[in-house]
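Asker: Sequence first, then the predicted structure, then my questions.
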Amino acid sequence: MPADIDPTDIDQIARHLNAGAIIPYLGPGLLALCADAAVPATPVALAELLTARISVPHKIRKRLTQAAQFIENFKHRKSVVNLLNEAFAATPSPSPLHLALAASGAGLWVDTWYDDTFAAALAQARPRGGWAQVQGLSQAEHFGTWFGAYGPHGEPLPDVPAAGALLYKPIGGHAPAANYLVSDSDYVEVLTEIDIQTPIPPAVQAWRGGRGFLFLGCRFDDQLTRSFARQIMKRSSGAHWAVLPDAPTRMEARFLEEQGIARIAMPLPAFADALVAALRPALAA
């Protein structure tokens with residue numbers, strides 16, 4: 001596994017971000033930085049919220065994809081979507097790190113949770129627009145179409161823009177169209193095709209070439225998160241980092257080594273403060 005990065009290299013990460021050479025890859029753990037994160041911030045928390053509303057077998061109450069599949073099978077797909085819409089109806093106020101990343105020179109951000117926080121950060125940091133988002137689509141609702149594109153005000157776009165900044169939400173998101181990959185069947189459909197990159201928008205595939213990734217608020221202790229990260233990183237290059245203060249599990253350590261990701265063993269709030277401070281001079285220029 002690559003050696004833990006020295007915190008003094010945060011200045012280097014900031015320079016790469018502002019040069020567009022690093023792609024921020026955001027996980028649900030980033031919500032811990034928000035002052036009012038009144039939305040589920042882990043798959044377990046979301047599973048518990050769903051199963052508090054609709055009973056499922058006890059053994060899957062904390063397993064998000066299985067619980068969602070049970071509700072979809074025995075209630076309706078609309079029941080799952082309605083519950084997720086309620087869970088993510090509030091938009092947490094973006095943290096200083098969200099806003100700094102949104103205003104940085106990054107041209108692509110990957111957001112792997114359903115909340116609207118980073119889209120709100122982009123709207124604040126880039127009030128004139130110039131960005132779009134693309135979300136993964138469930139085959140249960142959009143058979144044969146793998147992703148949908150939306151403008152900065154939520155307006156549907158006929159295709160993913162070839163130019164401009166892009167927010168990529170591979171498992172969907174609450175706004176603007178309630179697109180969610182959440183059940184077992186949703187993931188089976190995507191994982192069947194993801195090795196050949198079909199579900200990943202060509203604009204994302206093109207942008208990642210020659211660039212590194214910075215993983216924030218992510219854990220890789222689940223096969224799904226590793227599979228998505230591995231395929232989204234495919235054919236990227238350069239240095240990769242992951243802020244991971246807790247000791248990695250055996251499978252996480254193997255994944256970090258396999259993908260050449262350097263671990264930053266700092267608490268996320270401390271790293272966020274340092275990166276925001278390093279980015280601030282360029283953002284003020």
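Answerer: Good, I have the coordinates. Just so it is clear, the model here is predicted, and its values are computed rather than measured.

Asker: Show me what the lowest-mean-pLDDT helix or strand in the chain is in contact with.
Answerer: For the chain, counting by mean pLDDT, DSSP states H and E, helix 268-284 ranks last in confidence among helices and strands (a mean of 88). By CB atoms under 8 Å, 6 or more residues apart in numbering, the residues outside helix 268-284 that reach it are 7, 10-11, 13-14, 17-18, 29-30, 32-33, 95-97, 100, 103-105, 216-217, 243, 245, 264, 266. For every residue, glycine as well, the C-beta is placed using N, CA and C.

Asker: Mind checking which of these are buried?
Answerer: Judged by neighbour count, with 16 or more other CB atoms under 10 Å as the criterion, the buried members of the contacts of helix 268-284 are 10, 13-14, 17-18, 29-30, 33, 95-97, 100, 103-105, 216-217, 243, 264, 266.

Asker: just for the stretch 151-285 of the chain, where's the confidence low?
Answerer: Counting by pLDDT under 70, the stretch 151-285 of the chain contains low-confidence residues at 282-285.

Asker: mind listing the strands in it by residue range?
Answerer: With DSSP state E, counting those that start in this stretch as the criterion, the stretch 151-285 of the chain has strands at 156-157, 165-169, 172-173, 179-180, 212-216, 240-243, 261-264.

Asker: Could you save these as CSV and add columns showing distance to A38?
Answerer: Formatted as CSV, the entries for the strands of the stretch 151-285 of the chain read as follows, by distance: least, CB to CB, whole Å:
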stretch, distance to A38
strand 156-157, 28
strand 165-169, 20
strand 172-173, 17
strand 179-180, 19
strand 212-216, 20
strand 240-243, 24
strand 261-264, 28
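
Asker: and of these, who's closest to Y25?
Answerer: Smallest distance to Y25 across those (CB to CB): 4.8 Å, for strand 212-216.

Asker: Next, the contact list for I22, please.
Answerer: When contacts are counted by CB under 8 Å, 6+ apart, I22 touches 13, 16, 106, 211-214, 238.

Asker: In the sheet, which residues pair with it? Tell me.
Answerer: The residues paired with I22 through beta bridges, assigned by DSSP bridges, are G212.

Asker: I'd like to know how far the closest residue to G238 other than its chain neighbours sits from L191.
Answerer: Beyond its immediate neighbours in the sequence, the residue positioned closest to G238 (CB to CB, 6 or more residues apart in numbering) is G212, lying 3.7 Å away. The span separating G212 from L191 equals 25 Å under the rule CB to CB, to the nearest Å.

Asker: the more surrounded of the two?
Answerer: Taking G212 and L191 together and counting by other CB atoms under 10 Å, G212 has the greater number of neighbours (22 against 15).

Asker: Report the contact partners of that one.
Answerer: Residues touching G212, when contacts are defined by CB under 8 Å, 6+ apart, comprise 16, 21-23, 236-241.

Asker: before we move on, the earlier item: report the angle between the axes of the least confident helix or strand of the chain and strand 212-216?
Answerer: The directions of helix 268-284 and strand 212-216 differ by 130 degrees, with axes from the mean of the first three to the mean of the last three CA atoms, to 10 degrees as the criterion.
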